[in-house]
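In: Return a 3D structure for these sequence lines:
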Amino acid sequence: MIDHMGLKVSDRERSKAFYTPALAPLGYTVVMDGQWGTGYGAGKPDLWLEDGKPSDRIHVALKAKDRAAVDAFYQAAMAAGGTDNGAPGIRAHYHPNYYGAFVRDPDGHNIEAVCHTPE
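Out: Model (predicted):
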């Protein structure tokens, strides 16, 4: 079980302008913001934006409570300047109820919202 993770971002303010609206439909808000980075979560920081040079782009999948939250994440992320990397939909090659959406953040990280329930 992962407790938290950090992403190196080249411009934290630009990344916050993307992540704050994109993660809101998933229940994530800024929990901490300071010299160590910006921590997003629902109660405690789970996802950190850390100043630095992104050396490798990573894939982060965040759990959504339902398919509507996946759709809302995708719309918010795109409106905040994300790049489409897979519109919301069923990904049956993973399993029949895998409903996900994929967006690239300003540094090219692949951010996904996923719901595993039938509806």
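In: And the helices in the protein?
Out: 12-23, 67-79 (DSSP state H).
In: nearest residue to residue 96 other than its sequence neighbours?
Out: Excluding the flanking residues, the one nearest residue 96 by CB to CB, 6 or more residues apart in numbering is residue 90, at 7.5 Å. All C-beta atoms are positioned from the backbone trio N, CA, C, and that covers glycine.
In: Surely the one you found and residue 114 touch.
Out: No. Using CB atoms under 8 Å, residue 90 is not in contact with residue 114, being 11.1 Å away.
In: Overlap in contacts, the two.
Out: Taking CB atoms under 8 Å, 6 or more residues apart in numbering as the contact rule, residue 90 and residue 114 both touch 98-99.
In: Which one of the two is surrounded by more residues?
Out: residue 114 (20 against 13; other CB atoms under 10 Å).
In: what separates the residue most central in space within the chain from residue 77, distance-wise?
Out: Centroid-nearest residue in the chain, with CA atoms, centre = their mean: residue 111, separated by 4.4 Å. Distance, residue 111 to residue 77, using CB to CB, to the nearest Å: 7 Å.
In: what's the overlap in contacts for those two?
Out: 22, 103, 105.
In: wait, what's in contact with the closest residue to the first one other than its chain neighbours?
Out: Translated: residue 22. Leaving aside its sequence neighbours, residue 22 sits nearest to residue 77 (CB to CB, 6+ apart; 3.7 Å). Taking CB under 8 Å, 6+ apart as the criterion, residue 77 is in contact with 18, 21-22, 101, 103, 105, 111.
In: Could I get these in JSON lines, plus columns for distance to residue 58?
Out: Shown next, in JSON lines, are the contacts of residue 77 (distance: CB to CB, whole Å):
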{"residue": "18", "distance to residue 58": "15"}
{"residue": "21", "distance to residue 58": "21"}
{"residue": "22", "distance to residue 58": "16"}
{"residue": "101", "distance to residue 58": "17"}
{"residue": "103", "distance to residue 58": "14"}
{"residue": "105", "distance to residue 58": "10"}
{"residue": "111", "distance to residue 58": "9"}
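In: Since that was my last question, I'll sign off now.
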